[in-house]
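Asks: The following comprises the amino acid sequence and a computationally predicted model.
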Amino acid sequence: MQDEGFWTDYAPLLFDGDHWAEAPAVVDALLRLTAVPQGSSVLDMCCGTGRHALEFASRGFRVTGVDITAPYLQAARDSAEAMGLSVEFIEADARFWSRPASFSLAVNLFTSFGYFETKAEDELMLARIAESLVPGGTLVVEVVGKETAARDFIDGEWFERDGRLILAEFQVVGAWEGLRNRFVVVDGARRIDHSWVQRLYSATELRDSMLRSGFASVALFGSYAGSAYDDKAERLVAVGRTPA
């Protein structure tokens, strides 16, 4: 989904203070999960406003963030400047951008996967990431898995965040092939109403897509801590490694 207006409208919900505060713990867990050496090169694909990219950079990693949404990248650059960090942020389409054999670790976090029109396009993105990793490099993809989406499904809810009233509605698409999301935000006299469909992947479907896209092995977990992807899973975390 490349609707820049959507991403700009919903940035305050997606990247609020609570989500920024989670970044240090997420990066701590990722470093334990992947054992990537200190100072390695890191690719944050679909980096948004850069909260994970900046956290990696603050720890001495060499970081490149890629996203297609220009306002997000500008916010990320502004944050990097304010924090005195050197981070490369690139505006590009994840299906087509690569930098061959350049990164030890790549991350695609916060359910930033499954927004293209077809599964083949999702796999184009995975293939470009595989190309960009060094031999034996690691990719971590974190999404809401199809299993946990079905387990926790609700058809809608109202909530308030940062003075805004929000209606969230959800509808299953096909045979759990995707989830239609509709968010209505009432901010004073302004009303924002957007809908989109996110493709859902089961654990085995995501693993198979990664294997088809150039990864030699894929491990599946139910949390950043490396717990089992079972009925108690918090999220779907797939850790793929390229051929050594």
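Replies: Perfect, I can see it now.

Asks: contacting residues around Q198?
Replies: T111, G114, Y115, G178, L179, N181 (CB atoms under 8 Å, 6 or more residues apart in numbering). From N, CA and C alone the C-beta is placed, and that goes for glycine too.

Asks: Now that we have those residues, which of them are buried?
Replies: Among the contacts of Q198, those scoring as buried are T111, G114, Y115, G178, L179 (criterion: 16 or more other CB atoms under 10 Å).

Asks: Kindly indicate which of the contacts of Q198 lies nearest T242.
Replies: Within the contacts of Q198, the smallest distance to T242 is 21.4 Å, found for G114 (CB to CB).

Asks: can you confirm the closest one is in a helix?
Replies: No. Under DSSP: H, G, I helix; E, B strand; the rest coil, G114 sits outside any helix and is assigned coil.

Asks: that older thread, tabulate the buried ones among the contacts of Q198 in CSV, adding columns for distance to E157.
Replies: Below are those laid out as CSV (distance: CB to CB, whole Å):
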residue, distance to E157
T111, 17
G114, 22
Y115, 22
G178, 19
L179, 14
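
Asks: how about the strands of this structure, start to end?
Replies: With DSSP state E as the criterion, the chain has strands at 41-45, 62-67, 88-91, 103-108, 133-143, 156-161, 164-173, 178-187, 190-199, 217-221, 236-241.

Asks: quick one, which of the ones you listed is nearest to T34?
Replies: Nearest of the strands of the chain (CB to CB): strand 133-143, 4.9 Å.

Asks: in the contacts of Q198, which two residues are the furthest apart from each other?
Replies: It's T111 and G178 that sit farthest apart of the contacts of Q198, by CB to CB, at 12.5 Å.

Asks: How about A80: what's its closest non-neighbour residue?
Replies: Leaving aside its sequence neighbours, A80 sits nearest to V87 (CB to CB, 6 or more residues apart in numbering; 4.6 Å).

Asks: nearest to R51, of the buried ones among the contacts of Q198?
Replies: Closest to R51, out of all of the buried ones among the contacts of Q198 and judged by CB to CB, is T111, at 14.3 Å.

Asks: care to break this protein down by domain?
Replies: 4-145+201-241, 148-197 (automatic domain parsing).

Asks: So which of those domains is the most surrounded?
Replies: domain 4-145+201-241 (a mean of 18; mean count of other CB atoms under 10 Å).
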